[in-house]
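Sequence and computational prediction follow.
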Amino acid sequence: MKVQVLFFGATAEAVGEREIEMDFAAATKSGEAFAEIKRKFPQLNNHSLLFAVNQSYADGGELIKNGDELAVFTAVSGG
Amino acid sequence: MKVQVLFFGATAEAVGEREIEMDFAAATKSGEAFAEIKRKFPQLNNHSLLFAVNQSYADGGELIKNGDELAVFTAVSGG
Amino acid sequence: MDFFELTTEPLDIGAIARRVVPPECGAIVTLDGFVRQFTKERETLYLEYEGYEPMALKEMEKLVAQAHEQFAIAHVGIVHRLGKLEIGETSVVISVAAPHRRAAFEACEWLIKELKRTVPIWKKEVYRDGETWAEGGEQ
Amino acid sequence: MDFFELTTEPLDIGAIARRVVPPECGAIVTLDGFVRQFTKERETLYLEYEGYEPMALKEMEKLVAQAHEQFAIAHVGIVHRLGKLEIGETSVVISVAAPHRRAAFEACEWLIKELKRTVPIWKKEVYRDGETWAEGGEQ
């Protein structure tokens, strides 16, 4: 099950990519998916992170589907 | 003792003048002066009035001096 | 960089706000008052503002001084327009710059409330069926 | 007449405020955030704003909907600029029109607070001696 994972700002810089594709088992929940992303990129643990699934903030319980768009970013600093 | 008395907006319309000269006795206080203005123009009593002496709100106790600028106007409505 | 002005020219909100920017601030709060088309279902055609100009400037100066005493703000700009204003035109702009936006919001709201209470400016509302000088407390 | 936009073009505060004017309203409150020259005595050369654009627009849309639920307001306009911004340039404008100015002040202050908490936009501060991505809660 393939998903896109997007990084922005500080997380893009830490990971060295703005967008990657990852493969998850069926019935993976968003919390598990994000834990796997952090294992894959341990440098992310230096940051306080927020997660989104399909452009909405994730609560960890969302079931990831094929083709979903995940995002990992630091606390926002617009304004 | 001559002073200028200014009217604005609704008071200018009621009195039919924007500026008049009036003569007061020496040692007249502003409260007495404004009472005299209201006697002279009883049509002003239809309005809730504010008074100023030399471009500051009057408290009634100011001693009027020759050449002072008095003003009589309704509650302000700018903004 | 405080300022308080009366003018018969149209007001440019952005330009007024920009003039109160100091280098250590990050936020400006701007109040933009303008001519309403409808007041309680009565249609206004246009407004005329009249001011007791020297006293209005003195009262605006006092308000700015009081705002600096009460709020942690950097700069204040107040410009009130006089003369004939069409529907939708800006009558007053108050811009407040502050290091922290809370103080800017509080000071701006306080300034417009006090301006409407103390600064000797009056507006004549011209309707289709007549005209009337607004007297304070009506709005 | 609500709107929420992202743009890389300079922001015209007055034009944005003007777009939220409905005929029954008499006041607009506008928050204008801009690039500070100094943050805690460190001199910023310029900023770069990056957004997760489709999510940022969705979050802005949610904020506008929530503001209408919570406050008696007529229209809201939010425009955030992205890309490179020089010192003094406006990064965000939030304009709120309301029949009563109290609601406009409250809603505008609430909107900027929530925007800084929820809308996925980040700023990179470029100093003379380095650069850093600001992470929320720092301001």
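Cool, got the structure. Note that this is a predicted model, so its numbers are computed, not measured. Residues are numbered from 1 along each chain as shown, chains lettered A, B, ... in the order given.

who in chain C is up against chain B?
Within chain C, the positions near chain B by C-beta under 8 Å from any C-beta of the partner chain are C:33, C:49-52, C:54-56, C:58, C:80, C:91-92, C:112, C:115-124, C:133-139. All C-beta atoms are positioned from the backbone trio N, CA, C, and that covers glycine.

And the buried ones among those, selectable in ChimeraX?
To isolate the buried subset of those in ChimeraX, counting by 16 or more other C-beta atoms under 10 Å in any protein chain shown, use the following:
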select /C:33,49,50,51,52,55,56,58,80,91,92,112,115,116,118,119,120,121,122,123,124,133,134,135,136
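
Among the residues of chain C next to chain B, name the ones in helices.
For the residues of chain C next to chain B, the ones inside helices are C:54-56, C:58, C:112, C:115-118, with DSSP state H as the criterion.

restrict the residues you listed to those near chain A?
Applying C-beta under 8 Å from any C-beta, the subset of those adjacent to chain A is empty.

Would you point out the most distant pair within the residues you listed?
Farthest-apart pair in those is C:54 and C:112; separation 21.6 Å (C-beta to C-beta).

Make TSV out of the ones in helices among the residues of chain C next to chain B and add pLDDT and distance to residue B:70.
Putting these into TSV (pLDDT from 0 to 100; distance: C-beta to C-beta, whole Å) gives the following:
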residue	pLDDT	distance to residue B:70
C:54	98	13
C:55	98	11
C:56	98	16
C:58	98	15
C:112	96	28
C:115	97	23
C:116	95	23
C:117	96	21
C:118	97	18
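
and of those residues, the nearest to chain A?
Ranked by distance to chain A (C-beta to the nearest C-beta), those are led by residue C:112 at 23.6 Å.

For residue 32, give me its contacts.
The chain I'm using is chain A. residue A:24 (C-beta atoms under 8 Å, 6 or more residues apart in numbering or on different chains).

my question was about chain C
Contacts of residue C:32 by C-beta under 8 Å, 6+ apart are C:13, C:90, C:92-93, D:17, D:27-30.

try 6 Å
C:13, C:90, C:93, D:17, D:28 (C-beta atoms under 6 Å, 6 or more residues apart in numbering or on different chains).

now do residue A:60
A:30-31.

what's the pLDDT at it?
Predicted confidence (pLDDT) for residue A:60: 97.

Quick check: it is in a helix.
No. Counting by DSSP: H, G, I helix; E, B strand; the rest coil, residue A:60 is not found in a helix; it is coil.

pLDDT of stretch C:33-51, averaged?
Rounded mean pLDDT across stretch C:33-51 is 83.
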